[in-house]
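**Student:** What follows is a predicted structure for the sequence shown.
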Amino acid sequence: MKYRKTTIYEQTDASTAKTQPIDLDLSEIISRLQIKFNSTNNGHTPTDHPAKQISKVEIVDGSDVLFSLSAQQIEALMFYEYEKGRNYEMEYRNGVENRMVLDILFGRKLWDPELAFDPRKFKNPQLRVTHNLALGGSAPNAATLEVFADVFDEKPVSPIGFLQMKELKNYATGASQANEYTDLPNDYPIRRILLQAYKADLWWDNIFSEIELDEENKKRLPWSIDAYDLMQLAVTKYGQYEETLVGTTPGVAADQRWYVTPTEAPFVALTGIGSSTLMSTDAEATGGYFRIQNTAVQAFRALIRGIIPHGVVPLDCGDLMDLSDWYDVSVKGKIKLRLKAGGSTTVYILLQQLRKYA
């Protein structure tokens, strides 16, 4: 076989919150890592989105950070790489296991021969997964963690580098719109800049209003765009995020929140498992949730369609499949990103870059 999937961390109990270090001491070249986190719900009232259970995934080599994102950021990136949402249901039912799989692609696609992660190029590469099952799902009381690697086996490849992805900056915004200026690094070509922010009951383009990227004190403006227009560009290119979830209403008259991945314009189609009728009370809820009102304990399945997974919108820097077309910041002077944002929330600026081995 030219390719092989190997287990690099056997399924292990992850019920206690911690940061789990895992050595990447493989001799094979890695095209993709997959992190699987299964948590078993101990109630049917959602705490938060299951992706909140993993707050950080890092790949480090000593003090050198090669990858650093939260599970929510990884899920959003997966959508923009695969152009579709997860292929498994989110589970909020009592006693049922929710399964989360996070993919870290080191190339433009799986089995990219030019871009892949070669552990031999580093001294002591290590994967670190920070998890806490209490932060998402429906009051889960047990969890497991395991990690797989998709490696090149009998196919000889000589990748020139890999896609480095990490958070450049995060900052808190106020209630009113204000400009925030961020200097971009000019060490590696940029494939994507991703902006993340969301807040319950607030539209994405009410958090952001203006996005501008300028070179050498506005000598050039590669990006100068209204937030709504940027959002529409992303939707036109990548389409809607679709997912399904399964839950059980807690049997109270008050609206119960159910946390979903799209943070704007969710369409919710409900099917009761049984004879009761459920009513969604947020036709245009924003910020990553919808609500159900139902006085009976009722199992249901929901189909969700919407946009902006986990509040993340990309600024793509050229043809994503052509390495030579990416934003070569090494030949530029000072590069500054200006964001006009508000809404009393947190904004995250993420960079996907081409990191060469030599």
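**Tutor:** Everything's here; your move.
**Student:** Only C-alpha atoms from now on, for both contacts and neighbour counts.
**Tutor:** Noted.
**Student:** helix/strand/coil for the residue nearest to the spatial centre of the chain?
**Tutor:** Closest residue to the average C-alpha location of the chain: Gln73 at 2.4 Å, with C-alpha atoms, centre = their mean. Of the three states, Gln73 takes helix under DSSP: H, G, I helix; E, B strand; the rest coil.
**Student:** Please verify my assumption that it contacts His310.
**Tutor:** Yes - contact criterion C-alpha atoms under 8 Å: Gln73 and His310 qualify, at 7.0 Å.
**Student:** ok, now how distant is the residue nearest to the centre of the chain from Val313?
**Tutor:** Using C-alpha to C-alpha, to the nearest Å, Gln73 is found at 10 Å from Val313.
**Student:** repeat for Asp48
**Tutor:** Going from Asp48 to Val313 by C-alpha to C-alpha gives 21 Å.
**Student:** Pick out whichever of those two has more residues nearby.
**Tutor:** Val313 (25 against 21; other C-alpha atoms under 10 Å).
**Student:** what is the more buried one paired to in the beta sheet?
**Tutor:** Using DSSP bridges, the beta-bridge partners of Val313 come out as Leu195.
**Student:** where's it relative to Val147, distance?
**Tutor:** According to C-alpha to C-alpha, Val313 and Val147 sit 27 Å apart.
**Student:** what's the answer for Ala51, then?
**Tutor:** According to C-alpha to C-alpha, Ala51 stands 16 Å off from Val147.
**Student:** cool, and Ser27?
**Tutor:** In terms of C-alpha to C-alpha, Ser27 sits 17 Å off from Val147.
**Student:** quick one: low-confidence parts of the stretch 201-350 of the chain?
**Tutor:** Within the stretch 201-350 of the chain, the ranges that satisfy pLDDT under 70 run 252-254, 274-284.
**Student:** how about 80 then?
**Tutor:** Scanning the stretch 201-350 of the chain for pLDDT under 80 picks out 250-255, 265-266, 272-285, 293-296.
**Student:** Please, where are all the strands along it?
**Tutor:** Along the stretch 201-350 of the chain, counting by DSSP state E, counting those that start in this stretch, strands occupy 208-215, 220-226, 241-259, 262-272, 279-280, 289-309, 312-316, 335-341, 346-356.
**Student:** residues making contact with the first one?
**Tutor:** Counting by C-alpha atoms under 8 Å, 6 or more residues apart in numbering, strand 208-215 makes contact with 177, 220-228, 332-342, all of which sit outside it.
**Student:** that older thread, residues contacting the residue nearest to the centre of the chain?
**Tutor:** Counting by C-alpha under 8 Å, 6+ apart, Gln73 makes contact with 310, 312.
**Student:** any idea how far Leu194 is from the residue nearest to Lys334 when sequence neighbours are not counted?
**Tutor:** Closest residue in space to Lys334, ignoring its immediate chain neighbours: Glu216 at 5.0 Å, by C-alpha to C-alpha, 6 or more residues apart in numbering. From Glu216 across to Leu194, the span is 22 Å (C-alpha to C-alpha).
**Student:** the more surrounded of those two?
**Tutor:** Shown here are Glu216 and Leu194; by other C-alpha under 10 Å, Leu194 has more neighbours (21 against 12).
**Student:** List the contacts of the more buried one.
**Tutor:** 312-315, 349-351.
**Student:** Leu354 versus Trp326, what's the distance?
**Tutor:** Taking C-alpha to C-alpha, one finds Trp326 at 9 Å from Leu354.
**Student:** list residues touching both of these two?
**Tutor:** Both Trp326 and Leu354 are in contact with 189-191, where contact means C-alpha under 8 Å, 6+ apart.
**Student:** Now neighbour count and secondary structure too, for those residues, in JSON lines please.
**Tutor:** Listed next are those as JSON lines, based on neighbours: other C-alpha atoms under 10 Å; DSSP: H, G, I helix; E, B strand; the rest coil:
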{"residue": "Pro189", "neighbour count": "22", "secondary structure": "coil"}
{"residue": "Ile190", "neighbour count": "27", "secondary structure": "strand"}
{"residue": "Arg191", "neighbour count": "26", "secondary structure": "strand"}
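**Student:** Let me have those residues in TSV, adding distance to Glu83 and pLDDT as columns.
**Tutor:** What follows is the shared contacts of Trp326 and Leu354, written out as TSV (distance: C-alpha to C-alpha, whole Å; pLDDT from 0 to 100):
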residue	distance to Glu83	pLDDT
Pro189	23	97
Ile190	20	98
Arg191	16	98
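**Student:** which one among these gets closest to Lys36?
**Tutor:** Nearest to Lys36, judged by C-alpha to C-alpha, of the shared contacts of Trp326 and Leu354 is Arg191 at 26.5 Å.
**Student:** that older thread, Ser27 and Val147: who's more crowded?
**Tutor:** A direct count of neighbours by other C-alpha under 10 Å for Ser27 and Val147 places Val147 higher, at 21 against 10.
**Student:** secondary structure element for that one?
**Tutor:** Assigned by DSSP states H and E, Val147 falls within strand 142-152.
**Student:** now the helices for the stretch 51-200 of the chain?
**Tutor:** In the stretch 51-200 of the chain, the helices defined using DSSP state H, counting those that start in this stretch lie at 71-82.
**Student:** Show the contacting residues for Asn186.
**Tutor:** 328-330, 332, 335.
**Student:** For Arg32, give me its contacts.
**Tutor:** By C-alpha under 8 Å, 6+ apart, the neighbours of Arg32 are 103-106, 110, 116, 149-151.
**Student:** Roughly how far does it sit from Phe148?
**Tutor:** From Arg32 across to Phe148, the span is 8 Å (C-alpha to C-alpha).
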